[in-house]
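# 3D model of this:
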Amino acid sequence: MATMTAVAEPTVGIDIAKLRNIGISAHIDSGKTTLSERILYYTGRIHRIIEVRSKDGAGPTMDSMDLEREKGITIQSAATYCQWKGYHINLIDTPGHVDFTVEVERALRVLDGAILVLCGVAGVQSQSITVDRQMRRYNVPRIAFINKLDRAGANAFRVVQQLREKLHHDPVMINIPIGHEDQFAGVVDLLHMKALYFDGDNGEFVREEEIPAHMLDLAREYRTKLIEKAADYDDTIAEKYLMEEEISTEEIIAAIRKATIALKVTPVFVGTAKQNKGVQPLLDGVCMFLPNPFEVENYALDRDRDEERVPLVPDPERPLVALAFKLEDGRYGQLTYMRLYQGRVRKGDVIVNNATGKKVKVPRLVRMHASEMHDIEEAVAGDIVAMFGVECSTGDTFTDGSVNYTMTSMYVPEPVIELAVAPKDKTSLANFSKALNRFTKEDPTFRVYRDEETGETIIRGMGELHLEIYIERIKREYNCEVIVGRPKVAFRETITKRAEFNYTHKKQTGGAGQFARVAGYIEPLEPENPNNYEFVDAIVGGVIAREFIPACDEGFQEQLKEGMLIGQPVQRVRVVLNDGSTHPVDSSEMAFKTAAKAAIRECYMRANPVVLEPIMKLEVSAPEEFQGVVIGQINQRRGVIIGTESEAGYVVITAEVPLQEMFGYSTDLRSVTQGKGEFTMEFLKYAQVPRAVQDEMVREYQKKRAEGNK
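Below you'll find the predicted structure:
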């Protein structure tokens, strides 16, 4: 919950060239929040470091929710800002747990650069791959920070190799570690060829020394690699390198910066945030290599010109264009996080929500520092701020009214798990509804619907932890005890072959009747097609009047929301409408919509429908001695082993497993590995369920329907 502070911040004169909008992303438990805490400490934003799992119940600055502090994980992305050597940095710490993946999506949508944190022991893990995919989706340049080098089994050079092999990056080390594990003492800065040590209780004093003699050869080798990498992307450096001429540090930085922003290379920094080593050079790296808002291509779509792409320029004097990327409901009303791409906004300005056309006055403008708010008078292009009293949805575009632009919103994954929930006490119903309304508005992956057959309220989300957190928040924040049903998987249906339809809807009542004939076929979409539904209008000669075509499309879509095998939504279907008839008097939109729905019902079973289930990518890490039982457990759950890797006495098993079989897995895994096994799981794809399982599901669905019809 956001808290008020009386701090008023001057907002004049942020030099956009010295502005960095960055995020910190990584696999769960790689040390993102600890790193954020150190960054805030060294930049003077906080004056005391609090550990993620501190004994006194306090929590890190960026984990402001009680639940985050208790569980030691980040649930919501938190925003803050700080200054470093004349640079202004807007920083967003994002969750690592896959259940909160939308928080990462929406942060990366509005950021210009990112720090990819990797564990020095585990290296590139499953969620690192997901985060990397998200960064690529939004073309976010990144630098990597290899953390936890003081831990047993840490090896920075191995992690760099994994960056190359598993994530297909082109990594270049900007500094290298002096020692590993308990011998880790500091870093060698390859740009200036100096050894850096971190003194003081919290590593706040950076001491520069000559490189230790035993490290010189290694440092020279990696300095050469750094110059060679710069030469790959800069002809002047390549020429000088071949001529064996002196290459200045500034030239190397400029070349690596250009290649980083072009997403060609990933500069790598090393250290240990918990032991306060290597964070200041990383901050230097943020300023040196990550782009300012001028260097990032952003565009909007002009609705007045058939959604033509318009480049956005971070110029305060141009018309305002801002994107609302995150909503939070606090005790003072809705807090809307905004990224300004163009123009400026002042407290008291009237801005237009281009999604709804509504005009809104900005009553209050704040900069966020985790859960604190610092009032400001004005924000300019390139900045990330928050506004109060601005009603909107996630992904809405705001302008000053002089342009009709919209920005593409972020990718929102589909929920894969559902639970029936109800308030324990009928008197809490109002609070229960209020909580669900708020959470659906804040989190696009949290959905609520009512099961018409059972009358139950169903919540849907990305995983067990995701829904568990929301149920806990309903109890705490709304003082409402919740009764929870068994978790259920979000199944889907699809078709496997083409089926023709030719349906005539005819109804004669007193006065005007209803008439519509639709003909065509349904077929499965090709595997490479990214859509879930496609409608093809192949009508020629006006056999169906133009104005009725959208009604046909609507009818098809409505019927496909509920398949006939187990009543689940049907996906990956193309509907082709190629014939039909219109009556000059009796045809109407309603008649064609009804005909379209009936046509799908008529041909659906002939298209050989099947049930699809969500398949999860599972990554289990456990001591090698338990490898056999862990694999046995996965096999029992209909899992398919994709690969196993052994490292430092631990085995990492990657598998594809149906979500339906994964309930209660954490307890089972702990019991067979003496509590030492860990796993992460993320949605991978939908796949056909085995025939025996499908037959059983169909029988159950038909039985349930028969009981409901009695």
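
# what sits against residue 177?
149, 156, 184, 186-188, 270-271 (C-beta atoms under 8 Å, 6 or more residues apart in numbering). Quick note: C-beta positions are derived from backbone N, CA and C, even for glycine.

# how does it look with 6 Å?
Counting by C-beta atoms under 6 Å, 6 or more residues apart in numbering, residue 177 touches 149, 156, 184, 187, 270.

# for the helix or strand harbouring it, buried residues please.
Using DSSP states H and E, the element containing residue 177 is strand 175-178. Of all the residues in strand 175-178, those buried under the rule 16 or more other C-beta atoms under 10 Å are 175-178.

# do stretch 667-679 as well
668-669, 672-673, 677-679.

# so which of those residues belong to helices?
Mapping the buried residues of stretch 667-679 onto helices (DSSP state H) picks out 668-669, 672.

# where along the stretch 451-600 of the chain do the helices fall?
Under the criterion DSSP state H, counting those that start in this stretch, the stretch 451-600 of the chain contains helices at 464-478, 549-560, 589-603.

# what packs against the shortest one?
What that stands for is helix 549-560. Using 3 or more C-beta pairs under 6 Å, 6 or more residues apart in numbering; DSSP states H and E, the elements in contact with helix 549-560 are helix 589-603.

# so the helix it packs on versus helix 549-560, what angle?
Following axes from the mean of the first three to the mean of the last three C-alpha atoms, to 10 degrees, one obtains 40 degrees for the angle between helix 589-603 and helix 549-560.

# alpha carbons only: can I get whichever helix or strand comes after helix 589-603 in CSV?
The first helix or strand that comes after helix 589-603 along the chain, using DSSP H and E, is strand 609-623. These are the backbone C-alpha positions of strand 609-623, laid out as CSV (Å, rounded to 0.1, in the frame of the first residue of the first chain):
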residue,chain,number,x,y,z
PRO,A,609,-12.8,-32.4,-31.8
VAL,A,610,-10.2,-33.2,-29.1
VAL,A,611,-9.5,-31.8,-25.6
LEU,A,612,-6.3,-29.8,-25.0
GLU,A,613,-4.5,-29.4,-21.7
PRO,A,614,-1.8,-27.0,-20.6
ILE,A,615,1.6,-28.5,-20.7
MET,A,616,4.2,-26.9,-18.3
LYS,A,617,7.9,-26.7,-18.7
LEU,A,618,9.3,-28.0,-15.4
GLU,A,619,12.8,-27.6,-14.2
VAL,A,620,13.8,-29.5,-11.0
SER,A,621,17.1,-29.1,-9.2
ALA,A,622,18.1,-31.7,-6.6
PRO,A,623,21.2,-33.4,-5.2
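
# show me what counts as buried in strand 609-623.
Residues of strand 609-623 classed as buried by neighbour count (16+ other C-beta under 10 Å): 609-622.

# how distant is the strand holding residue 177 from the center of its chain?
Taking C-alpha atoms, centre = their mean, to the nearest Å, one finds the center of strand 175-178 at 31 Å from the center of the full chain.

# paired strands for that strand, with orientation please.
Using DSSP bridges, strand 175-178 pairs in its sheet with strand 186-189 (antiparallel).

# re the thing from before, how about the buried residues of strand 175-178 in CSV, adding distance to residue 221?
CSV is the format used below for those (distance: C-beta to C-beta, whole Å):
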residue, distance to residue 221
175, 14
176, 9
177, 14
178, 15
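
# which two from these end up farthest apart in space?
Greatest spacing in the buried residues of strand 175-178, by C-beta to C-beta: 175 and 178 (9.5 Å).

# span of stretch 267-274 from start to end?
End-to-end distance of stretch 267-274 (C-alpha to C-alpha, to the nearest Å): 21 Å.

# point out where the stretch 101-250 of the chain drops to low pLDDT.
101-107, 126 (pLDDT under 70).

# if we go to 90?
For the stretch 101-250 of the chain, applying pLDDT under 90 flags the ranges 101-112, 119, 121-140, 151-154, 165-168, 179-182, 199-205, 233-234, 240-248.

# quick one: the helices in it?
Remark: helices assigned in the stretch 101-250 of the chain by DSSP H, counting those that start in this stretch are 101-110, 126-137, 156-166, 216-233, 235-242, 249-261.

# out of those helices, flag the one nearest residue 362.
helix 101-110 (18.3 Å).

# if I look at residue 156, how far off is residue 442?
If you measure residue 156 against residue 442 using C-beta to C-beta, to the nearest Å, the figure is 38 Å.

# and the helices of the stretch 101-250 of the chain: which comes nearest residue 481?
helix 101-110 (26.8 Å).

# burial count for residue 210?
9 (other C-beta atoms under 10 Å).

# repeat that for residue 548.
Using other C-beta under 10 Å, residue 548 has 23 other residues around it.

# name the residues that touch the host helix or strand of residue 641?
Element membership of residue 641 [criterion: DSSP H and E] is strand 640-647. By C-beta under 6 Å, 6+ apart, the list of residues contacting strand 640-647 from outside reads 651-656.

# just the buried members of the residues you listed?
By 16+ other C-beta under 10 Å, those give 651-653, 655-656 as buried.

# in JSON lines, list the contacts of residue 177 along with distance to residue 357.
Output for the contacts of residue 177, formatted as JSON lines (distance: C-beta to C-beta, whole Å):
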{"residue": "149", "distance to residue 357": "54"}
{"residue": "156", "distance to residue 357": "53"}
{"residue": "184", "distance to residue 357": "58"}
{"residue": "187", "distance to residue 357": "54"}
{"residue": "270", "distance to residue 357": "51"}
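
# chain neighbours aside, what residue packs nearest to residue 128?
With sequence-adjacent residues excluded and distances taken as C-beta to C-beta, 6 or more residues apart in numbering, residue 128 is closest to residue 27, at 4.6 Å.

# swap in residue 247?
Leaving out its chain neighbours, the residue that sits closest to residue 247 by C-beta to C-beta, 6+ apart is residue 240, at 5.2 Å.

# any idea how far that neighbour is from residue 174?
Note on residue 240: its distance to residue 174, by C-beta to C-beta, is 20 Å.

# residue 610 too?
Distance from residue 610 to residue 174, by C-beta to C-beta: 52 Å.

# got it, and residue 516?
68 Å.

# residue 115 too?
As judged by C-beta to C-beta, residue 115 and residue 174 stand 13 Å apart.

# contacts only, for the nearest residue to residue 594 once chain neighbours are set aside.
Closest residue to residue 594 apart from its sequence neighbours, by C-beta to C-beta, 6+ apart: residue 505 at 5.2 Å. Listed by C-beta under 6 Å, 6+ apart, the contact set of residue 505 reads 516, 591, 594-595.

# switch to 7 Å and redo it
By C-beta atoms under 7 Å, 6 or more residues apart in numbering, residue 505 lies in contact with 514-516, 591, 594-595, 598.

# give me the beta-bridge partners of it?
Counting by DSSP bridges, residue 505 forms beta bridges with residue 516.

# measure it to residue 602 for me?
Distance from residue 505 to residue 602, by C-beta to C-beta: 11 Å.

# with residue 442 instead?
Noted for residue 442: a distance of 42 Å to residue 602, by C-beta to C-beta.

# more crowded one of those two?
The residue with more neighbours, out of residue 442 and residue 602, is residue 442; 17 against 14, by other C-beta under 10 Å.

# that's all I had, so thanks and see you.
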